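**Student:** Dropping the sequence and predicted coords here.
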Amino acid sequence: MTLSALLVLADGRFPAGGHAHSGGAEAAVRAGRIKDAADLESFCRGRLHTTGLTSAALAAGAAHGLDPYELDAAADARTPSAALRAAARRLGRQLMRAARATWPSPELDALAAAFPRGAHQPVVLGTAARAAGLGPEEAAHCVAYETVGGPATAAVRLLSLDPYRATAVLARLAPEMDHVAGRAAAAARQGDVDALPAASAPLLDLTAEQHAAWPVRLFAS
Amino acid sequence: MSLRATARITADADGGLPLLVSDGPLALRRTRAAGPYARVTVVGAMSAPLGGDRLAIETEVRDGARLLVDSAAATLALPGRSADPAAYDVRIAVGDGAVLRWLPEQLVSAAGSHLRMRTAVDLAPTARLVLREEQVLGRHGEPPGTLVTRLTVRRAGRPLFDQELAFGPEAPGGWDGGAVLGGHRATGQLLVVDPAFADKPVEARLYGENAVVSPLAGPAALATAVAPDALALRRLLDEALSELAPF
């Protein structure tokens, strides 16, 4: 395992298309639910402990070597919003392209062949982490970080929020990211896909469908 | 003294209820049929579950049967003498050609309570299901207790829907923030599974600002709603119910 591989995978500059997604922040800003750094923090904390935990566990499962087809079905069952399923598969397809070029591996090739329209992004991420020599903990950390990093970056653009304050929000959430990543990896190591966390957030599901219906938007989701 | 109780319901295609077993606070009554549906009403669950209690309802809807299960009143989670969480397990199996409408009243999480509710549904390939869950956080004007609910639905042995919700003082942080509830005190889900959706998929639909219907990745649709209170929540879910489940 090389820790630097984790930095490459988790880097916002890794060309996987994540920057086009706000993680629900654009809809929350429009609805007046994110107005300042404090709102951003509670939004990110809620997202981290719900969809963040669920996605981190799926990624950790893939990194641990659990069946990626079962994990993809589990991701579908845990994503009631059609708009979010579409976004997850689009992101999965983009990540797959970058990951196969970066860490060529037969497991990535097989997953790409089985899901030509894209597997769920966390499943691709976990498989990519595995190809990079990383384990479930690292894959889960990567997902936990992007779960809060995406909305924070988007909030800076949408609200002209002070980027220092947005970064401070991420730093304050770091212990909780570690906690979520630890829970996710521990669940994955149990080896039972059905028993993986299914934590979810009603407003994220609800507003994802509203957001997808907007005629003009800055972010894809 | 905490309590253990398991109530059981079995419905047959001829409209009979070969098994209808009440237990402790879970009293089951056969009530007047609703159209083609045999109907069972859960009565007397008002004061349960208290902390430490372990309640369960097991329901089997056999091939070709039609069953409606409702409740006479909201279920109120209250703190008990035990500091342990209360557990409420609902296990449901619906056979081929069978229909279950599972439409209980709200689950109200009173201040200081801690309830873990788990609903596991197994559907045969041609089974139909309408299932409503409503979580109300606190009685009027009081802060909520801790409520964790997980709803897992499998169809033909494959996962169809799996969702856990956690609210209240012992839930992970951020549950009241802009990603999860945004200050709302009631939330609910209406799940409709119908093999007919395979040919005629439900389209995503918005019901104002606070409710949405989305197709699942199978022949099913979920209405998700948030509201300031139980009444407003029910209004939203009823609208979705009449459109999604005319059967």
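**Tutor:** In hand now; what should we look at?

**Student:** Start from the N-terminal end of chain B and give the helices.
**Tutor:** B:230-244 (DSSP state H).

**Student:** what about stretch B:224-235, near chain A?
**Tutor:** Yes: shown here: stretch B:224-235 in contact with chain A (CB under 8 Å from any CB of the partner chain) through B:224-226. (Glycine included, C-beta is placed from N, CA and C.)

**Student:** Distance from that stretch to the middle of the chain?
**Tutor:** 15 Å (CA atoms, centre = their mean, to the nearest Å).

**Student:** in that stretch, what counts as buried?
**Tutor:** Across stretch B:224-235, burial judged by 16 or more other CB atoms under 10 Å in any protein chain shown covers B:224-227, B:230, B:232-234.

**Student:** Restricted to strands, list the residues of stretch B:224-235 next to chain A.
**Tutor:** Mapping the residues of stretch B:224-235 next to chain A onto strands (DSSP state E) picks out B:224-226.

**Student:** can you put those residues in CSV and add pLDDT?
**Tutor:** Below are those laid out as CSV (pLDDT from 0 to 100):
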residue, pLDDT
B:Thr224, 98
B:Ala225, 98
B:Val226, 98
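
**Student:** Quick check: residues of chain B near chain A?
**Tutor:** Counting by CB under 8 Å from any CB, chain B sits next to chain A at B:150, B:152-153, B:158-166, B:172-182, B:187, B:204, B:206, B:209-212, B:214-218, B:222, B:224-226.

**Student:** Filter the residues you listed down to the buried ones, ChimeraX style.
**Tutor:** Of the residues of chain B next to chain A, the buried ones go into a single ChimeraX selection, burial set by 16+ other CB under 10 Å:
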select /B:150,152,153,159,160,161,162,163,164,165,166,172,174,175,176,177,178,179,180,181,182,187,204,210,211,212,214,215,216,217,218,222,224,225,226
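
**Student:** Surely A:Val169 and A:Phe43 touch.
**Tutor:** No: using CB atoms under 8 Å as the test, A:Val169 is too far from A:Phe43 to be in contact (9.4 Å).

**Student:** quick one: average confidence on the lengthiest helix in chain A?
**Tutor:** For chain A, the helix with the greatest residue count under DSSP H is helix A:163-190. On average, the pLDDT along helix A:163-190 is 98.

**Student:** Please spell out which residues along it are buried.
**Tutor:** A:165-166, A:169-170, A:173, A:176-177, A:179-185, A:187-188.

**Student:** What's the first helix or strand after that helix?
**Tutor:** helix A:202-212 (DSSP states H and E).

**Student:** which helices and strands does that following helix pack with?
**Tutor:** With contacts defined as 3 or more CB pairs under 8 Å, 6 or more residues apart in numbering or on different chains; DSSP states H and E, helix A:202-212 has these neighbours: helix A:25-30, helix A:82-102, strand B:211-215, strand B:220-227.

**Student:** Quick check: which of the ones you listed is nearest to B:Arg29?
**Tutor:** Of all those, the one in closest proximity to B:Arg29, counting by CB to CB, is strand B:220-227 (28.2 Å).

**Student:** Would you give the sheet partners of that closest one, along with the direction of each?
**Tutor:** Strand B:220-227 has the following sheet partners, assigned by DSSP bridges: strand B:186-193 (antiparallel), strand B:211-215 (antiparallel).

**Student:** tell me the angle the first one makes with helix B:230-244.
**Tutor:** This means strand B:186-193. Orientation check (axes from the mean of the first three to the mean of the last three CA atoms, to 10 degrees): strand B:186-193 against helix B:230-244 gives 20 degrees.

**Student:** Could you report the separation of the most centrally placed residue in chain B from chain A?
**Tutor:** By CA atoms, centre = their mean, the mean C-alpha position of chain B lies nearest to B:Glu133, the distance being 3.4 Å. Noted for B:Glu133: a distance of 11 Å to chain A, by CB to the nearest CB, to the nearest Å.

**Student:** go on, B:Asp199?
**Tutor:** Taking CB to the nearest CB, one finds B:Asp199 at 17 Å from chain A.

**Student:** For that residue, what are phi and psi?
**Tutor:** Dihedral pair for B:Asp199: phi -90, psi -30, per degrees, to the nearest 10.

**Student:** Now do the same contact list for the residue lying closest to the residue nearest to the centre of chain B once chain neighbours are set aside.
**Tutor:** Residue nearest to B:Glu133 in three dimensions, not counting chain neighbours: B:Gln189, with 5.2 Å by CB to CB, 6 or more residues apart in numbering or on different chains. By CB atoms under 8 Å, 6 or more residues apart in numbering or on different chains, B:Gln189 lies in contact with B:132-133, B:151, B:163, B:222-225.

**Student:** 10 Å instead?
**Tutor:** A:80, A:200, A:202, A:205, B:131-135, B:149, B:151, B:161, B:163, B:165, B:222-225, B:237, B:240 (CB atoms under 10 Å, 6 or more residues apart in numbering or on different chains).

**Student:** That one bridge partners, please.
**Tutor:** Bridge pairing for B:Gln189 - DSSP bridges - gives B:Glu133, B:Thr224.

**Student:** buried set for stretch A:88-103?
**Tutor:** Neighbour count says stretch A:88-103 has A:88-96, A:98-100, A:102-103 buried, by 16+ other CB under 10 Å.

**Student:** That one: how far from the chain's middle?
**Tutor:** 13 Å.

**Student:** Now do the same for that stretch: mean pLDDT, whole number.
**Tutor:** 97.

**Student:** what do you get for stretch A:4-13?
**Tutor:** Averaged over stretch A:4-13, pLDDT sits at 92.

**Student:** How about residues contacting it?
**Tutor:** Counting by CB under 10 Å, 6+ apart, A:2, A:14, A:16, A:18-19, A:95, A:98-99, A:102-103, A:125, A:128-129, A:131-135, A:137-139, A:141-146, A:149-150, A:153 sit against stretch A:4-13.

**Student:** Could you pull out the buried residues of it?
**Tutor:** Buried residues in stretch A:4-13 (16+ other CB under 10 Å): A:5-6, A:9-10.

**Student:** In strands only, show me those residues.
**Tutor:** Going by DSSP E, the strands hold none of the buried residues of stretch A:4-13.

**Student:** Go through those residues and say which is closest to chain B.
**Tutor:** Ranked by distance to chain B (CB to the nearest CB), the buried residues of stretch A:4-13 are led by A:Ala10 at 21.0 Å.

**Student:** measure the closest one to A:Leu91 for me?
**Tutor:** Distance, A:Ala10 to A:Leu91, by CB to CB, to the nearest Å: 15 Å.

**Student:** Equivalent analysis for B:Ala223, please.
**Tutor:** 26 Å.

**Student:** Over to B:Arg205?
**Tutor:** 25 Å.

**Student:** and if you look at A:Ala38?
**Tutor:** Taken as CB to CB, the span from A:Ala38 to A:Leu91 is 28 Å.
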